[in-house]
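# curious how this folds, go ahead:
(4 chains)
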2 protein chains.
Amino acid sequence: MSLGAKPAKIEDVARAAGVSIMSVSRALRGVDGVSDATRSRIADLAAEMGYVPSRLAGSLAQATTNLVCISVPTLFDAVFAEIIGGMRETLSHAGLETIIETSDYDQSREAAWVERMITWSPAALVLSDVDHTRETRDLLRSANIPVMELWDVADDPIDMSVGLDHRAVGYEMGAHLVCLGYTRPAYVGIAPGRDRRSEKRMSGIAEAFASHALSLTPIHVDAAPSFEAGFEGARVALAQNPAPDVLCFLNDHLAFGGLMACEAAGINVPQDIGIAGFNGLNITNVLPRRLTTSSTPRTLMGKTAARMLVAAVRGVRTDRRVVMPVTLDPGATTLHRPVPAD
Amino acid sequence: MSLGAKPAKIEDVARAAGVSIMSVSRALRGVDGVSDATRSRIADLAAEMGYVPSRLAGSLAQATTNLVCISVPTLFDAVFAEIIGGMRETLSHAGLETIIETSDYDQSREAAWVERMITWSPAALVLSDVDHTRETRDLLRSANIPVMELWDVADDPIDMSVGLDHRAVGYEMGAHLVCLGYTRPAYVGIAPGRDRRSEKRMSGIAEAFASHALSLTPIHVDAAPSFEAGFEGARVALAQNPAPDVLCFLNDHLAFGGLMACEAAGINVPQDIGIAGFNGLNITNVLPRRLTTSSTPRTLMGKTAARMLVAAVRGVRTDRRVVMPVTLDPGATTLHRPVPAD
DNA sequence: GATATTTTTGTTATCGATAACATGGTGGAA
DNA sequence: TTCCACCATGTTATCGATAACAAAAATATC
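Numbers count the residues shown, from 1 in each chain, chains lettered A, B, ... in the order given. Below you'll find the model as predicted:
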């Protein structure tokens, strides 16, 4: 196509090739019913003319698109980037295109986005977490397209759900810490209401300690989840009286910030205080001592979800709920406490 | 809309309201030419019927979409997540939807993606970096839609370009290190060919040292840019003979890995060796000593690019090339060397 | 060589909206 | 009252493709 010329439409190609537009449509889509000779002639001509088919028109006629719309809370958290990475590969192999949105943990923003996306007749929709407005749930249920809820597993999924049992993960870590002999745990997270999954894990940890009549001190930093938030939260925690003997963090990033805060305060980890994170992010691989954390299978989760979606798009229904396994990594930022002297 | 019922079309709403479909179209789009009474009656009815307009049809009729397609090398690098974050806000205010792709630093993958995206008649396209295949450039030039090249500034942009002068940034850092008295610099990056921007910065650093007859040792780790790559690269660097007196890293993540490697090896930073990064990522805020680095304005870059795009979409042309400022942060992982004894 | 069958190609209706133009009603100026 | 302007609404053509059906050409069968 020469500069400034109007883009070629299917009709132009048809005329140039001396065939009907249906033949062009069939030839270029690889659909049966065109002789090899005509097909290659049309293909050459189309390439030469710089013909670009309009998906708008095509999708309208076919009443479907190959769009998969994905909403995640944030891209700043490597976790969601990894989940998306895992999904994308599988989806693109299946010829599906991805549209990504960040909701910033805001339900109403997510709801507005879902309404907009529905207007594109997407092949499927992916939401993170399982808390959605009533309207969103109703809209999606009636839209009759595959919907995947990720990261947490819904008790009653809109459609399908792949994720972790955050409460159980928290409980497992809590039980581990109890077992090590910690008695004054604190949890460092961000302002409540934003990250519900963090709260679930916290309640799991609290429950484990509670069953030994020990209570968990919650500490909320009013900031986005970040290294700094962990640093700040740890400082607050260390200033408490009595001081905690173990700090559980919302995730490894905060835990790293916490480690730095301890170092800055001259407090030795794990001798003086224990530190536990969540996720098993790659930063932990370069630390002088391995972080005590729960490793989550982000990429696998993405792949699993994508496979289920592809199947669903093709009309094959698989499981509705999949709970992914999490591995507790004992690490070296916690240790077996001597029997308390009190 | 009740479950299982066919989704309502504009025609159904029109019939229900006893008006023509044009009135419905006008009413719901907020276009002039409908009385307030009819408009609100139609709006209520549409909401009640769960009517969702088809953008496919709408965009086809209008011959444009509100889609902005963005390609970045990776989402694992916080830098691109921040640039996207900066763009997204401005774009969504302007009513533009974003489609994100990760090219994994692969030109041919980017090229294939551009071809696919063009078929959606997007409002604008955003590419990262400035190296594209000849076909991509031609296709985009002739497609006649706003195109933004980000992160690096192109000498001859396809259309518009906002980014850094990576070579100059490298030179500035190199000159700074020369000035501090370092004489045996090494650069730790990843396998060549993947991240061209890193290579530009390296050549800038090399140039600064070369003008004092000093040469830069390149060290390439065959891995994705990550904490581990920096750790590994630093280990390789430390094993060299003679050992470097300053390590420049591809970015702050690698630099952090390098810091950890030095700590693990019992090498004191900055007494025994200097460390310099790039970007000014937030991890540096929690380190015991500030990292010597060049701070880049990622969010601002995204915002700037988005503003230019929005203007272009509306037919207003602004600058073609914008070079964003970078601040050298001297930090505390490098120091003024005593005059060398040799 | 004539008919049955398959393959290739073309025609018409449709997807769900919007643009451009046409029409009918309302109110104010002359 | 009469005409004009303006606002609200409707009609027709169009956007660029695909589905479903119809016809023509090529091949197979007896």
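# contacts, neighbours, all on C-alpha from now
Noted.
# now the helices for the stretch 101-250 of chain A?
Secondary structure of the stretch 101-250 of chain A (DSSP state H, counting those that start in this stretch): helices at A:107-118, A:134-143, A:166-180, A:196-210, A:227-238.
# quick one, which of the ones you listed is nearest to DNA strand C?
helix A:107-118 (11.0 Å; CA to the nearest atom of the strand).
# and that closest one, what does it pack onto?
helix A:134-143 (3 or more CA pairs under 8 Å, 6 or more residues apart in numbering or on different chains; DSSP states H and E).
# show me which residues of chain A sit near DNA strand C.
Contacts of chain A with DNA strand C, taken as CA under 7 Å from any atom of the strand, map to A:18-23, A:32-36, A:38-39, A:57, A:60-61, A:63.
# mind doing that once more with 10 Å?
Proximity of chain A to DNA strand C (CA under 10 Å from any atom of the strand) is limited to residues A:14-15, A:17-27, A:31-39, A:41-42, A:56-64, A:119, A:121.
# show me which of these are buried.
A:14, A:17, A:21, A:23-25, A:27, A:34, A:39, A:42, A:56-60, A:119, A:121 (16 or more other CA atoms under 10 Å in any protein chain shown).
# residue of the stretch 151-300 of chain A nearest DNA strand D, please.
The minimum distance from the stretch 151-300 of chain A to DNA strand D, using CA to the nearest atom of the strand, falls at residue A:159 (26.1 Å).
# list the contacts of that residue.
Listed by CA atoms under 8 Å, 6 or more residues apart in numbering or on different chains, the contact set of residue A:159 reads A:141, A:146-149, A:320.
# hang on, residue A:73 packs against residue A:107?
No: counting by CA atoms under 8 Å, residue A:73 stays clear of residue A:107, with 9.6 Å between them.
# contacting residues around the residue nearest to residue A:283 when sequence neighbours are not counted?
Closest residue in space to residue A:283, ignoring its immediate chain neighbours: residue B:227 at 6.1 Å, by CA to CA, 6 or more residues apart in numbering or on different chains. Listed by CA under 8 Å, 6+ apart, the contact partners of residue B:227 are A:282-283, A:285-286, B:253-258.
# apply 7 Å and report the result again.
Residue B:227 sits next to A:283, A:286, B:253-254, B:256-257 when contact means CA atoms under 7 Å, 6 or more residues apart in numbering or on different chains.
# swap in residue A:262?
By CA under 7 Å, 6+ apart, the contact set of residue A:262 is residue A:268.
# wait, is it part of a helix?
Yes: when DSSP: H, G, I helix; E, B strand; the rest coil is applied, residue A:262 is found to be in a helix.
# what does the stretch 101-250 of chain A have sitting close to chain B?
A:119-120, A:142, A:227-228, A:231 (CA under 7 Å from any CA of the partner chain).
# helices or strands up against the host helix or strand of residue A:71?
Using DSSP states H and E, residue A:71 sits within strand A:67-72. With contacts taken as 3 or more CA pairs under 7 Å, 6 or more residues apart in numbering or on different chains; DSSP states H and E, strand A:67-72 sits against strand A:97-102, strand A:124-128.
# would JSON lines of those with mean pLDDT and mean neighbour count be doable?
JSON lines is the format used below for the helices and strands packed on strand A:67-72 (pLDDT from 0 to 100; neighbours: other CA atoms under 10 Å in any protein chain shown):
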{"stretch": "strand A:97-102", "mean pLDDT": "91", "mean neighbour count": "21"}
{"stretch": "strand A:124-128", "mean pLDDT": "95", "mean neighbour count": "24"}
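# out of the residues of chain A next to DNA strand C, list just those in helices.
Among the residues of chain A next to DNA strand C, the members found in helices (DSSP state H) are A:14-15, A:17, A:21-27, A:36-39, A:41-42, A:56-62.
# returning to what we had before: so for residue A:73 and residue A:107, which sits in the more crowded spot?
residue A:73 (20 against 16; other CA atoms under 10 Å in any protein chain shown).
# from residue A:79, how far out is that one?
Distance of residue A:73 to residue A:79, given as CA to CA, to the nearest Å: 10 Å.
# just want the most central residue of chain A.
The residue lying closest to the centre of chain A (CA atoms, centre = their mean) is residue A:80, at 3.7 Å.
# list the buried residues of stretch A:276-287.
Neighbour counts using 16+ other CA under 10 Å place A:276-281, A:283-284, A:286-287 of stretch A:276-287 among the buried residues.
# nope, stretch A:186-199 is what I was after
Here stretch A:186-199 shows A:186-190, A:194-199 as buried, counting by 16+ other CA under 10 Å.
# can you give me the end-to-end span of it?
One end of stretch A:186-199 to the other measures 13 Å (CA to CA).
# quick one: average pLDDT of it?
For stretch A:186-199, the mean per-residue pLDDT is 94.
# any idea how far it is from the chain center?
Its chain's C-alpha centre and that of stretch A:186-199 lie 17 Å apart, by CA atoms, centre = their mean, to the nearest Å.
# contact partners of that stretch?
Stretch A:186-199 is contacted from outside by A:105, A:166, A:202, A:216-225, A:233, A:244, A:246-250, using CA under 7 Å, 6+ apart.
# just the buried residues of the residues you listed.
Neighbour-count burial (16+ other CA under 10 Å) applied to these gives A:105, A:166, A:202, A:216-221, A:224-225, A:233, A:244, A:246-250.
# so which of these are in strands?
Using DSSP state E, the members of the buried ones among the contacts of stretch A:186-199 that fall within strands are A:217-221, A:246-249.
# and which of those is nearest to residue B:89?
Closest approach to residue B:89 among those (CA to CA): residue A:221, at 24.7 Å.
# OK, contacts around that closest one?
A:189-191, A:229, A:233.
# shouldn't residue A:336 be in contact with residue A:181?
Yes: counting by CA atoms under 7 Å, residue A:336 touches residue A:181, with 6.3 Å between them.
# tell me, how many residues neighbour residue A:164?
Using other CA under 10 Å, residue A:164 has 23 other residues around it.
# over to residue A:213?
As a burial measure, residue A:213 scores 9 neighbours (other CA under 10 Å).
# mind checking pLDDT for it?
Reported pLDDT for residue A:213: 97.
# now do residue A:282
For residue A:282, pLDDT reads 88.
# now swap in residue A:338 and tell me
Note for residue A:338: predicted pLDDT of 78.
# now do residue A:342
54.
# and for residue A:106?
pLDDT recorded at residue A:106 is 89.
# what's the burial count for it?
Neighbourhood size, residue A:106 [other CA under 10 Å]: 15.
# now do residue A:137
Residue A:137, neighbours per other CA under 10 Å, totals 18.
# roughly how far does the residue lying closest to it once chain neighbours are set aside sit from residue A:151?
Among residues not flanking residue A:137 along the chain, residue A:158 sits closest, at 6.5 Å (CA to CA, 6+ apart). Here the criterion is CA to CA. By it, residue A:158 lies 14 Å from residue A:151.
# the two: which has the busier surroundings?
Just comparing residue A:158 and residue A:151: by other CA under 10 Å the higher neighbour count belongs to residue A:151, 28 against 19.
# contacting residues around the more buried one?
Residues near residue A:151 by CA under 7 Å, 6+ apart: A:128-129, A:162-164.
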